[in-house]
Each structure stands twice: as C-alpha cells, then as structure tokens.
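>>> Quick one: sequence plus predicted model below, questions after.
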Amino acid sequence: QVQLVESGGGLVQAGDSLRLSCEASGRTVNYYVLAWFRQAPGKEREFVAGINRSGTYKIYKDPGKGRFTISRDNAKNTMYLQLNSLKPEDTAKYYCAAGQQVTAYKSEYEYWGQGTQVTVSS
C-alpha cells in the first residue's frame, strides 16, 4: 500500500508556471506507475499525464500536451508535474494516482492523494 500527498498548488496569473509534487510513503514508489489527474468544479476527473516506473515512458492528454511535463525521482519517492503557460481553464484540483499500468482510465489506479488546488486568474 502507498500513501500519496500532493503539494505545490496555488493562485497564479495566466501565463505563470507552477510545479506540483506528489510524495509517496509506504510501499516504495518504484513499484507503481504514477499519473496526474485534475477535476474542475462540476466536471469529471480527467487524465493529465502518466509515467512508467522508470520514468522513461510518458503520456499526456490534451490540453496539457506541450505545456505540462511529468517526471519522477524514485530516490525521493516523488513525482512532479511542471505546469507552464497556465490558462484560466487549467483551474482545477490536481490529484496524483498510483497503479500498475500507465493509462488514462482513472478506474485503473489503486491509490489517490487528496489533491492540490490550482487556480489561474485571467
């Protein structure tokens, strides 16, 4: 079992950058693939990016493709999401998740953090 804690969210202006972190505890994070999802008020939770165990394979979903970068540091048991050129429509709660397969389907992920809020003002 693994526990996930997100941090790094905040209130920023359009065009700014943020780096989100997801720190894992419990079972070593090397055992899991990791992903970021986000959920805006009144909307479904949507996939943002995923990364395999070694960090060599990454997938992204629009609209973050080209602006967001996922990475992980297994020695620190931490995953990151670099958010660049933020837009007001990126406003959402961002969640990290751990599972066995890199996929955009949230049902495939076993463990979830509590989320960190990102708010982008215009």
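Yes, it's here.
>>> Spatially central residue in the chain, please.
residue 36 (2.5 Å; CA atoms, centre = their mean).
>>> now it, nearest residue through space, not along the chain?
residue 48 (4.3 Å; CB to CB, 6 or more residues apart in numbering). The way it works is simple: take the backbone N, C-alpha and C, and place the C-beta from them, glycine included.
>>> My guess is that neighbour contacts residue 37. True?
Yes: judged on CB atoms under 8 Å, residue 48 makes contact with residue 37 at a distance of 5.9 Å.
>>> And stretch 105-112, what's buried?
Buried residues in stretch 105-112, defined by neighbour count with 16 or more other CB atoms under 10 Å: 106, 109, 111-112.
>>> same deal with stretch 22-34?
In stretch 22-34, counting by 16+ other CB under 10 Å, buried: 22-24, 29, 32-34.
>>> Let me see the backbone angles for residue 90.
The phi and psi values for residue 90, taken as degrees, to the nearest 10, are phi -80, psi -10.
>>> What about it, how many residues nearby?
22 (other CB atoms under 10 Å).
>>> quick one: which helix or strand includes the residue nearest to it when sequence neighbours are not counted?
Spatial nearest neighbour of residue 90, excluding adjacent residues (CB to CB, 6+ apart): residue 120 at 5.2 Å. Using DSSP states H and E, residue 120 maps to strand 116-121.
>>> what's the average pLDDT for that strand?
Here strand 116-121 scores 98 as its mean pLDDT.
>>> Could you pull out the strands in this protein for me?
2-7, 10-13, 18-26, 33-39, 46-51, 58-60, 68-73, 78-83, 92-99, 109-112, 116-121 (DSSP state E).
>>> partners of the longest one in the sheet?
According to DSSP bridges, the neighbouring strands of strand 18-26, each with its direction, are strand 2-7 (antiparallel), strand 78-83 (antiparallel).
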